[in-house]
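[1] how would this look folded up:
(chains A, B, C and D)
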Protein chains: 2
Amino acid sequence: MTKGLTKRQAEVLEFINRYLEEHGYPPTVREVAAHFGFRSPRAAHDHMKALQKKGYLRVRAGRPRAVEVVRPRSGIPVLGRIAAGLPILAVEEAEEVLGLDPGFFGSGRFFALRVRGDSMIEEHIQDGDLVILRAQDWARPGEIVAVLLEDEVTLKRYVPRRDVVELHPANPRLEPIVVTPDQAPRILGVMRGLVRKA
Amino acid sequence: MTKGLTKRQAEVLEFINRYLEEHGYPPTVREVAAHFGFRSPRAAHDHMKALQKKGYLRVRAGRPRAVEVVRPRSGIPVLGRIAAGLPILAVEEAEEVLGLDPGFFGSGRFFALRVRGDSMIEEHIQDGDLVILRAQDWARPGEIVAVLLEDEVTLKRYVPRRDVVELHPANPRLEPIVVTPDQAPRILGVMRGLVRKA
DNA sequence: ATCTTTGGTGTACGCACGTATAGTATGGGG
DNA sequence: CCCCATACTATACGTGCGTACACCAAAGAT
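    Down below sits the predicted model:
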C-alpha cells in the first residue's frame, strides 16, 4: 500500500496519478475534494500536504494545479530482490522502473525480469535482456513463463504433460526440469515482450 | 517543423512540452509569456489558442494550467513510409509512436525500425522486432546500422575495410554487401536497443 | 488598395483556486 | 489520562490566472 501512507492518502495519490494520466495535467485541490465527496477543500488539501511531507508529491505553494508526482508516473517494475520468498512486483516498491508505457504490451499488470545466462538463447533471448511479463499464476501450454524455483526466478517454457509438468529451457545443452503438479513451482507471469538495451 | 505551425507556434509548443517533462504539470499562460519575454499574457494566450485550433493542444476554458498536449508527449517514432527517398524520423509526423521513455537508451534522437525477415537472426533479432536506433550518419566498425539501400531501409553490421565498406547480415545463408566508399549508402542510425512484443 | 494572418503591447474584469482560521469526531500510543 | 495524528465540515481572504477589450504594426494574399 505504497508503504508509510494511510489508506486515504494512498487513495488520493492514486487518484492524482490516474487524473494525470487521463488529462495530462494534475487536478486542483477542489477537484480532488469533489472526487471523494469532501464538502470542504480543506480535507483534500490536508491529504496532499501529508503526501508532500512524506515525499510523494511536490507542490508549488499558491500555484493552482502545480502538483508534481515525485514517485513513479507509471512504468514497469523491474523484478528486484526477493523478500520472504516472494519477489517485489509493485511499481511503488521497485528499485528500478522501466519507463515504458504499460498498455503497450496489452492490459494487465506487468513486471520485467533481467535475464541471466543464455538458457533461452534459441528463443533469441540473450543475456542482459529485460523480459516483460504479465503477472498471472497460470499459463497456456507452450508459453514462456517466469517461475519461482528455490527462491530464484527463472524463465522457462511451460509444457504440461499427462502426469507431470515440464519446464523447458531453450538451449540444447540444458535439460528440461520435470516436476509433479503438486510440487509445481509458482508461476509469476507469462512473457509478453522483451526490451534490449545497447 | 511540426507541419502547419508557424515558427513561433512551434516554439511555444516545444516549450510547453519541455516544461511538462520538467515539472510534471503544464505552464500557465503567463509563464509561457515570461519565458518568451512577452510583456503581455495576451501574446502567449493567442499562440496557445492557435495551437488548440490546429489540434495540438486541448485547453479547458477558464481553468488555470489546464493544458493538455494532444500529440506526442514524447516517445520514439517508428520508421514509417519513405517519402521522397528519405524516411520520416520526426516524432510529430510519425504514424506510430513507441510509448517508451527516450533517455532510457541514452542521449540523442532516436527512432525505431520494424524488422522484416531473419537476416539478423544470429544477433538474436527476429522477425517483427522493433529495433531502436540513435539517429546519426556515421558508425564505428562492428556496430549494427540502419542504411538506406535503394529506397529501402535495412539493418546490417557496418564493417569498413581498406578500400571498401562491407555490410554484413547476421545470417550464414546471406552474403555481405560490398560497396566502395563513394557509393556507400547513407547511414540513418546505429542500433542502441530492441523491443519485442508478444 | 483592402483584407487576413501573424505577432505583439497595455489594461482590466471576475472568478477559480490555494490557503488560513475555527471547530468536530475518532482512535492509537505513551 | 492526555496528546497527537487522522479525517473531516464550514466559511472566508487574497490573488494568480484565463480571458476580454482596445489598439498597433508588418507581411502576404486577393
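[2] only C-alpha atoms for contact and neighbour calcs from this point on.
    Fine.
[3] care to break chain A down by domain?
    For chain A, the structural domains run A:7-69, A:76-195, going by automatic domain parsing.
[4] could you redo those domains as a markdown table and give each row distance to chain B, mean pLDDT and mean neighbour count?
    Listed next are these as a markdown table, based on distance: least, Cα to the nearest Cα, whole Å; pLDDT from 0 to 100; neighbours: other Cα atoms under 10 Å in any protein chain shown:
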| stretch | distance to chain B | mean pLDDT | mean neighbour count |
| --- | --- | --- | --- |
| domain A:7-69 | 5 | 92 | 17 |
| domain A:76-195 | 4 | 85 | 18 |
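[5] Turn these into JSON lines, columns for distance to B:Gly99.
    Shown next, in JSON lines, are the domains of chain A (distance: least, Cα to Cα, whole Å):
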{"stretch": "domain A:7-69", "distance to B:Gly99": "13"}
{"stretch": "domain A:76-195", "distance to B:Gly99": "5"}
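[6] who wins for proximity to DNA strand C among the ones you listed?
    Nearest to DNA strand C among the domains of chain A is domain A:7-69; the distance by Cα to the nearest atom of the strand comes to 3.0 Å.
[7] Centre of the chain to the closest one, how far?
    23 Å (Cα atoms, centre = their mean, to the nearest Å).
[8] So A:Val159 versus A:Pro176, what's the distance?
    As for A:Val159, its distance to A:Pro176 is 10 Å (criterion: Cα to Cα, to the nearest Å).
[9] Also A:Gly99?
    In terms of Cα to Cα, A:Gly99 sits 34 Å off from A:Pro176.
[10] In contact with the residue nearest to A:Val69 when sequence neighbours are not counted, which residues are there?
    Leaving aside its sequence neighbours, A:Val69 sits nearest to A:Leu57 (Cα to Cα, 6 or more residues apart in numbering or on different chains; 4.7 Å). Neighbouring residues of A:Leu57 by Cα atoms under 8 Å, 6 or more residues apart in numbering or on different chains: A:48, A:51, A:67-71.
[11] 7 Å - rerun?
    A:Leu57 sits next to A:51, A:67-70 when contact means Cα atoms under 7 Å, 6 or more residues apart in numbering or on different chains.
[12] what does A:Phe110 give?
    A:Phe110 neighbours (Cα under 7 Å, 6+ apart): A:76, A:132-135.
[13] The lengthiest helix in chain A and DNA strand C, any residue contact?
    Assignment by DSSP state H gives helix A:7-23 as the longest helix of chain A. No: applying Cα under 7 Å from any atom of the strand, one finds helix A:7-23 separated from DNA strand C by no less than 11.7 Å.
[14] Noted, bye for now.
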